[in-house]
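Visitor: Everything below, folded, please.
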Amino acid sequence: MKSIELILLNFNEVRRRSIKLWNSIPQEKLHWKPDDEAMTCIEMIRHVLESEYYYHLAIQNRGSLEVFDSPFEQQPFTTVNAELNFAEPYRNQFLESIKSFSEIDLINIKIDRSESGYIRSLGDMLLRIAYHESVHTGQLLDYLRKANVPRIRVWD
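Guide: Numbers count the residues shown, from 1 in each chain. As a prediction, the model looks like this:
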């Protein structure tokens, strides 16, 4: 497999497991959070989907955006399926964008996020984006433990 194919496989596997977890959250627990300063379950799901949209724009921009107008902001929090359906076209555009890069691009394209403390190659940035989602999957598993909700097995 080429690097691009492996990166896409990783994105698809991370999202498959996220969706498996997200769909296991009972509707009555979607607005639950472990403390007053935390995101609710559905807010965290939105955060993951919206962040991927932002990161895609940052990759296109080769760095952070001065202004970020999110199409997610006006959407009400309702269901996991509503979140996924709204994000689907943005996700598809992101994956198509990844397919357009060459192996050399993964090394030579730099993404400047100096305000966040780093400048990274495209390949590194793509792996960080998938890792971001994975971290939040772990957080949601912990949320469910704290809320006494049975946790689905994501390691299948």
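
Visitor: So what pairs up with D112 in the strands?
Guide: When bridges are called by DSSP bridges, D112 pairs up with G63, I119.

Visitor: Could you count how many residues lie near it?
Guide: D112 is flanked by 14 other residues according to other C-beta atoms under 10 Å. No exception for glycine: its C-beta is placed from N, CA and C like everyone else's.

Visitor: residues contacting the residue nearest in space to the middle of the chain?
Guide: By C-alpha atoms, centre = their mean, the chain has its centre lying nearest to V48, at 3.6 Å. Listed by C-beta atoms under 8 Å, 6 or more residues apart in numbering, the contact partners of V48 are 18, 132-133, 136.

Visitor: Which helix or which strand is home to it?
Guide: helix 41-61 (DSSP states H and E).

Visitor: Show me what counts as buried in stretch 119-137.
Guide: 122-123, 125-127, 129-130, 132-134, 136-137 (16 or more other C-beta atoms under 10 Å).

Visitor: how about the helices in the protein?
Guide: Remark: helices assigned in the chain by DSSP state H are 3-24, 41-61, 80-99, 103-108, 122-146.

Visitor: so how far is stretch 133-152 off the chain centroid?
Guide: Relative to its chain's centre, stretch 133-152 lies at 15 Å (C-alpha atoms, centre = their mean, to the nearest Å).

Visitor: Send me it as CSV with only the CA atoms.
Guide: Output of stretch 133-152 as CSV, limited to C-alpha atoms (Å, rounded to 0.1, in the frame of the first residue of the first chain):
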residue,chain,number,x,y,z
GLU,A,133,-10.7,12.0,16.6
SER,A,134,-9.3,9.0,18.4
VAL,A,135,-8.6,10.9,21.5
HIS,A,136,-12.2,12.1,21.7
THR,A,137,-13.4,8.5,21.1
GLY,A,138,-11.4,7.6,24.3
GLN,A,139,-13.0,10.5,26.1
LEU,A,140,-16.5,9.5,25.1
LEU,A,141,-15.8,5.9,26.3
ASP,A,142,-14.8,7.4,29.7
TYR,A,143,-18.0,9.6,29.7
LEU,A,144,-20.1,6.5,29.2
ARG,A,145,-18.2,4.7,32.1
LYS,A,146,-18.9,7.7,34.4
ALA,A,147,-22.6,7.8,33.3
ASN,A,148,-22.9,4.0,34.0
VAL,A,149,-23.8,3.3,30.3
PRO,A,150,-22.5,0.0,28.9
ARG,A,151,-19.6,0.6,26.5
ILE,A,152,-19.5,-0.9,23.1
